[in-house]
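Asker: okay, predicted coordinates and the sequence, questions at the end:
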Amino acid sequence: DSGVTQTPKHLITATGQRVTLRCSPRSGDLSVYWYQQSLDQGLQFLIQYYNGEERAKGNILERFSAQQFPDLHSELNLSSLELGDSALYFCASSGTGTNYGYTFGSGTRLTVV
Amino acid sequence: GNSVTQMEGPVTLSEEAFLTINCTYTATGYPSLFWYVQYPGEGLQLLLKATKADDKGSNKGFEATYRKETTSFHLEKGSVQVSDSAVYFCALREGGSYIPTFGRGTSLIVHP
């Protein structure tokens, strides 16, 4: 157990639908990062939150949004889903400073049919 | 901007062979460097790290040395096992940005 909890582990949904992925960071970590991993694109950074505030944005589509709540858990919302959104979605958390590595959750596998 | 380049995989080895996975980076400052490992069906796990030039990170028989002069952080292991089969990611993180830059990953397959 890495200390980062992601739910659900698997999700199958139809095109056009909306889903919410949840992440609880490791205890004490204020930063949460969301990544998308697909075979053709590799590991793509989506968005970062730090202590409830958006800190950085990567290759996140407008159909996707995220937030971090006062208890530091985060949710990634994916809407108007397309077949191409099928991927593994990872959450990671970290402490402050560049010396801290990331702790990743085990991911949510999203399949859009 | 920052970038990380890893050797293309898959790397296929027999058990007890020597492993090298090359990683080079481009950064504007003085990054910290990391290797992560992803076993099938799991998330990425931090394998080792180095925070300054000439530092050697090591863990589970793997090691990598931060070479500033060649901007490299090659991963090595003297004798691989079947259980080392996984995807290995090189990454850097710089003070000016909290966003790590990952390489594309290198798949390692170890045969008995």
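Answerer: Right, received. Where do you want to start?
Asker: going forward, measure contacts and count neighbours with C-alpha atoms only.
Answerer: Noted.
Asker: isn't residue B:86 up against residue B:42?
Answerer: No - contact criterion Cα atoms under 8 Å: residue B:86 and residue B:42 do not qualify, at 9.9 Å.
Asker: tell me which of the two has more neighbours.
Answerer: More neighbours surround residue B:86 than the other of residue B:86 and residue B:42, with 20 against 15 (other Cα atoms under 10 Å in any protein chain shown).
Asker: excluding its backbone neighbours, what's nearest that one?
Answerer: The shortest distance from residue B:86 to any non-neighbouring residue, by Cα to Cα, 6 or more residues apart in numbering or on different chains, is to residue B:39 (4.7 Å).
Asker: what do you get for residue A:20?
Answerer: Using Cα to Cα, 6+ apart, the closest residue to residue A:20 is residue A:77 (4.5 Å).
Asker: pull the residues that contact whichever strand or helix holds that neighbour.
Answerer: Assigned by DSSP states H and E, residue A:77 falls within strand A:74-78. Strand A:74-78 has contacts (Cα atoms under 8 Å, 6 or more residues apart in numbering or on different chains) with A:18-24, A:32, A:34, A:63-68.
Asker: name the nearest of those residues relative to residue B:52.
Answerer: Lowest distance from residue B:52 to those (Cα to Cα) belongs to residue A:32, with 24.8 Å.
Asker: just give the closest residue to that closest one, not the sequence neighbours.
Answerer: Nearest one to residue A:32, counting by Cα to Cα, 6+ apart, is residue A:93 at 4.5 Å.
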